[in-house]
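Engineer: based on what follows, work out the 3D shape:
(chains A and B)
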Amino acid sequence: MDRVVGIQSILHSIHFIHQNSHEMKQSNKDILFELLEPYGGRFHSPFGSLIVDIIIIVCILVSCLLIPLGYYFPQYDPFFWKLEIGFTILFSIEYIMRWIVALNPITYPFSPFAIIDFLAIMPTLLVIHADYIFLPFFRGLRLLRLLRLLKFIRYRIFFYRAYIGLKNWSSALTHHYHLKQMRMLFIITLVFWVLGANLLYFTETRLVGTQGPYSNYWQSYWHIIIVLISGIEDKEPLSLLGRIEVSFFLLIGICFAGLVTAELVSILVKKMNRSGKIQLKAPTSRLHHHIVIISFNAHLFNIIKQINAAIKGRNHVLIVSKRGNNIKIANPKSYKRVSALVGDPLNRSILEQAWIDRASRIIILSSDSDEKESAIEKDNRSLMKAIAALSFSPSVHMTVELQSEDTQRYASHLAGVNYIVAREFGECLIGQAVMNPGVTEIYTSLMTYTDDSSEFYLIPVPEDLVGKTLKQAQLFFLDLDDEPMILVGIDRSPDPFPATNFKLNPVSDEDGLSSPGVILGKNDKLIIIAYEFPSFARVNKDDLWKGRILLRR
Amino acid sequence: MEGANSIETLKGHVVICNCNEKVKTIVEELQNSTVQAPLDIVLIVQDPQLWQDHPHWHPVITGTARFIVIYGRPTDEYILQKADISYARAAIILADPKYGKQADAPSSLNAIAIERANPQVHTVMELLSSMNRPHIEQSEINEIICLGEISEKLIASSCITPGVTNIFENLLTTEDGTPQIFIDTIPQRARQLSFRQLSKKFILNEAPFLLIGYIRHLRAETRIVINPKATGLLNKDSPLSGRSKLVTMGYQKPDFLPYL
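Structural biologist: Residues are numbered from 1 along each chain as shown, chains lettered A, B, ... in the order given. This is a model prediction of the structure:
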């Protein structure tokens, strides 16, 4: 009897696996949904979603531009109207598709975004029938098309990112090329230009009438700009006062020319001096969801290489160090999203400049600047940096490299910080290499991020597996061929402290994680070996928004 | 040359060349393993003063397994013979602190001398600079462990998946109640079965270990496949040959037969 029940339960497991593996596969509806969702950058959004966003934004802008164009160029009105019909058809298709893929199609038309989408197409649909119903309001209805600007609300994150990106780019440019001085020179030149042109115009018209070259208001602008930029007199004023004024502007022009040349040379020299070195972060540029590496040692470059391999350069990496100015890089291409901030990491203003409170991760490396320092001294210095960083961002995930196991013991009071003492791992690995020859390669493979190697990931239990046994879940993952993964354990740690209460390959009744009968709960996390963070894993939007999760795709 | 303990004929023991702060943990780990029988260990120390000046490097011997210290050069054939290298199962070459950051060269020479004395011995070498790895990989040394590399990989892993270091720590320690990764030859009965079929059997039969991958010899190349994909040359449905090895995660050395 027991045997029959056993077989039945196995058959049930297999049926469940087949049923769910089909459900788990991404349907066309899911793909369409992801394409229509605003592009989230480092999130799961496919790149096609960005293209769809750009197309829709351009269509909104062009369709709104048609309204003033229709007023200014009435002769092209029929053509503009055809374009408008085209845009309306496009927005109508978008509206219908969003409705189709909506999670709840019944309530969707009453959601705020659906109402906005409807308002975007409604005025044109009404105008089409205006001859019959709304003729008196025809022009007003056409203006209502501007309501589609409201559609931009959906793309607010896109615009915010574009704004931040542009701001960072311009401030980085200003900082690297010392454009601040150039900007100052440009403003002063502009002031002198306007001042000079007006002064000469009024002097000449008042003293010599309309005969002189400066008697034409706009012409005097041309002459003065030549004087200021080239330092050469363009046209001679007729009055003595005018000549004195031009002489003054000539002197100013010579100074400007010299200053501009000097600035350009300085920019070129600075650029040459910095070649082969890491780019510096502009003090004013803003960062968020970035990875901060405090201090540096010989491990830095391989850590950056690993991080870049893992997250494909999606998150900016910022190195904060007193020696940040001198970090040399071999391959600038792989350091496009890496910059350095020069300064003491214990200085609060430096940490503020590093936007440490907005960072997704913080890594504190054991500094090798002073070779005479003992391991304990180095560790204490690292711990002080950890405390300083935590005072800005208490909930950030932090990894601290330590030299001594003794330090790790007393440092464990800093909750939520991961400490790495390489020696400890090395000793264990040497021992295991003797007992299980070849095992080091397995560990190396599990620790290395490449497209062709698997790593450990912690994922929430998929909704379909809640209430199932660990055995059922293991069988389910074994047959999940689209995204190969192996379920190796359960994590029941509180959210801020992952992998502090977990069991790998649970076989005993310890900790209530007995296998294979353990029932997976909604708050449990699964420890899996996978090539990438699984696409079906439930991800908390708040965690994503706050950058607590770094995804590889 | 001086022997701290009397040396008798040893077999299946481990020879450790050079001493540094890692000796204590390694010896205690090997002699107190819950997974397998304690191992006899011979430590070859080149500088007796260094060893005597650091009593905190000395392991605490509690079990029946022997710990023997021999003073002399690990490259010396006579010293290696005295350590019964011909009968040793493994040799660990640690970085000698007296050479500072340049210890990789003498360590490599030690390893080569050991490989010449007994090509069958499994050599594990501690490397200081990861830059030297490609050169040393060309030699006969079986496993190279670089602490710097481990540190780099663990820091990056911990940054991407917070908490993952605890998982590695759990796997690497040999304390009772912690799992380990094992590599074992595929049993006769499991030959020609695929990873998927074997995994399914082990899960359904409630085996106390998990199959996480396999090692296959493909022409002259050895390929490690962890979490095999559904497609590709070595996938989860490829039949496993007799020379294949299974990679498992468990609390004890796995016994496959009852679960097949």
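Engineer: in the stretch 251-400 of chain A, which spans are strands?
Structural biologist: Applying DSSP state E, counting those that start in this stretch to the stretch 251-400 of chain A gives strands spanning A:291-294, A:317-321, A:338-342, A:361-364, A:397-402.
Engineer: is chain B contacted by the first one?
Structural biologist: What it means is strand A:291-294. Yes. Using C-beta under 8 Å from any C-beta of the partner chain, we find that strand A:291-294 touches chain B at residue A:291. Using the backbone N, CA and C atoms, a C-beta is placed for each residue, glycine as well.
Engineer: closest one to residue B:44 among the strands of the stretch 251-400 of chain A?
Structural biologist: Taking C-beta to C-beta, strand A:397-402 is the member of these nearest to residue B:44, at 30.2 Å.
Engineer: give me the contacts around that closest one.
Structural biologist: Here strand A:397-402 makes contact (C-beta atoms under 8 Å, 6 or more residues apart in numbering or on different chains) with A:299, A:360-366, A:379, A:382-383, A:386, A:389-390, A:408, A:411, A:416-422, A:548, B:151, B:155, B:158-159, B:162, B:165.
Engineer: residue B:234 versus residue A:480, what's the distance?
Structural biologist: Residue A:480 sits at a distance of 18 Å from residue B:234 (criterion: C-beta to C-beta, to the nearest Å).
Engineer: which one of those two has more residues nearby?
Structural biologist: The neighbour comparison of residue A:480 against residue B:234 (other C-beta atoms under 10 Å in any protein chain shown) goes to residue A:480, with 21 against 18.
Engineer: mind checking pLDDT for the more buried one?
Structural biologist: Note for residue A:480: predicted pLDDT of 87.
Engineer: where does it fall, secondary structure wise?
Structural biologist: Element membership of residue A:480 [criterion: DSSP states H and E] is none; it lies in no helix or strand.
Engineer: name every strand pairing with the helix or strand harbouring residue B:42 and say which way it goes.
Structural biologist: Using DSSP H and E, the element containing residue B:42 is strand B:41-45. Strand B:41-45 has the following strand partners under DSSP bridges: strand B:14-17 (parallel), strand B:67-71 (parallel).
Engineer: dump those strands into JSON lines; add mean pLDDT and mean neighbour count as well.
Structural biologist: Below are the strands paired with strand B:41-45 laid out as JSON lines (pLDDT from 0 to 100; neighbours: other C-beta atoms under 10 Å in any protein chain shown):
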{"stretch": "strand B:14-17", "mean pLDDT": "94", "mean neighbour count": "28"}
{"stretch": "strand B:67-71", "mean pLDDT": "93", "mean neighbour count": "20"}
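Engineer: of those strands, which is nearest residue B:205?
Structural biologist: Per C-beta to C-beta, nearest to residue B:205 of the strands paired with strand B:41-45: strand B:14-17, 34.7 Å.
Engineer: what's that closest one in contact with?
Structural biologist: With contacts defined as C-beta under 8 Å, 6+ apart, strand B:14-17 is touched by A:434, B:23, B:26-27, B:30, B:39-44, B:74, B:80, B:83-85, B:88-94, B:107, B:110, B:114, B:121.
Engineer: among these, which are in strands?
Structural biologist: When the contacts of strand B:14-17 are checked against strands (DSSP state E), the matches are B:41-44, B:90-93.
Engineer: most proximal residue of the stretch 151-300 of chain A with respect to chain B?
Structural biologist: Nearest residue of the stretch 151-300 of chain A to chain B: residue A:299, at 4.7 Å (C-beta to the nearest C-beta).
Engineer: sorry, back to before: any of the contacts of strand B:14-17 buried? List them.
Structural biologist: The neighbour-count criterion (16 or more other C-beta atoms under 10 Å in any protein chain shown) marks A:434, B:23, B:26-27, B:30, B:39-44, B:74, B:80, B:83-85, B:88-94, B:107, B:110, B:114, B:121 among the contacts of strand B:14-17 as buried.
Engineer: in contact with whichever residue of chain B sits closest to chain A, which residues?
Structural biologist: When scored by C-beta to the nearest C-beta, chain B has residue B:163 as its residue closest to chain A, at 2.9 Å. Contact analysis of residue B:163 by C-beta under 8 Å, 6+ apart lists A:418, A:458, A:491, A:493, A:497-500.
Engineer: tell me the domain ranges of chain A?
Structural biologist: A:1-24+A:454-553, A:37-156, A:179-274, A:291-425 (automatic domain parsing).
Engineer: so, low pLDDT: which residues of the chain?
Structural biologist: In the absence of a named chain, this looks at chain A. Confidence mapping of chain A against pLDDT under 70 gives the ranges A:1-27, A:40-46, A:129-142, A:231, A:233-234, A:507-517, A:538-553.
Engineer: that answer is for a different chain, and I need it for chain B
Structural biologist: For chain B, the ranges with pLDDT under 70 are B:1-8, B:34-35.
Engineer: buried subset of the contacts of strand A:397-402?
Structural biologist: Using 16+ other C-beta under 10 Å, the buried members of those are A:299, A:360-366, A:379, A:382-383, A:386, A:389-390, A:408, A:411, A:416-422, A:548, B:151, B:155, B:158-159, B:162, B:165.
Engineer: quick one: name the residues of the stretch 151-300 of chain A near chain B.
Structural biologist: Near chain B, when you scan the stretch 151-300 of chain A using C-beta under 8 Å from any C-beta, you find A:291, A:298-299.
Engineer: how about these in a markdown table, adding distance to residue A:253?
Structural biologist: Shown next, in a markdown table, are those (distance: C-beta to C-beta, whole Å):
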| residue | distance to residue A:253 |
| --- | --- |
| A:291 | 49 |
| A:298 | 53 |
| A:299 | 54 |
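Engineer: may I see the buried residues of the lengthiest strand in chain B?
Structural biologist: The longest strand of chain B (DSSP E) is strand B:209-218. Neighbour-count burial for strand B:209-218 flags B:209-216 (criterion: 16+ other C-beta under 10 Å).
Engineer: sheet partners, orientation included, of that strand?
Structural biologist: Partners of strand B:209-218 in the sheet, by DSSP bridges, are strand B:221-226 (antiparallel), strand B:245-250 (antiparallel).
Engineer: can you tell me what sits against the first one?
Structural biologist: Residues from elsewhere that reach strand B:221-226, judged by C-beta under 8 Å, 6+ apart: A:441-442, A:445-446, A:453-454, A:529, B:195, B:212-217, B:234, B:247.
Engineer: give the buried residues for it.
Structural biologist: B:224-226.
Engineer: relative to the whole chain's centre, how far out is that strand?
Structural biologist: From the chain centre to the centre of strand B:221-226 is a distance of 17 Å (C-alpha atoms, centre = their mean, to the nearest Å).
Engineer: quick one, which of the contacts of residue B:163 are buried?
Structural biologist: Neighbour counting over the contacts of residue B:163 (16+ other C-beta under 10 Å) leaves A:418, A:458, A:491, A:493, A:497-499 as the buried ones.
Engineer: my read: residue A:459 touches residue A:532, true?
Structural biologist: No. Residue A:459 lies out of contact with residue A:532 (C-beta atoms under 8 Å); the separation is 11.1 Å.
Engineer: quick one, which of these two is more surrounded?
Structural biologist: Counted by other C-beta under 10 Å, residue A:459 and residue A:532 do not tie: residue A:459 has more neighbours, with 20 against 16.
Engineer: which SS class is the more buried one?
Structural biologist: What DSSP: H, G, I helix; E, B strand; the rest coil gives for residue A:459 is strand.
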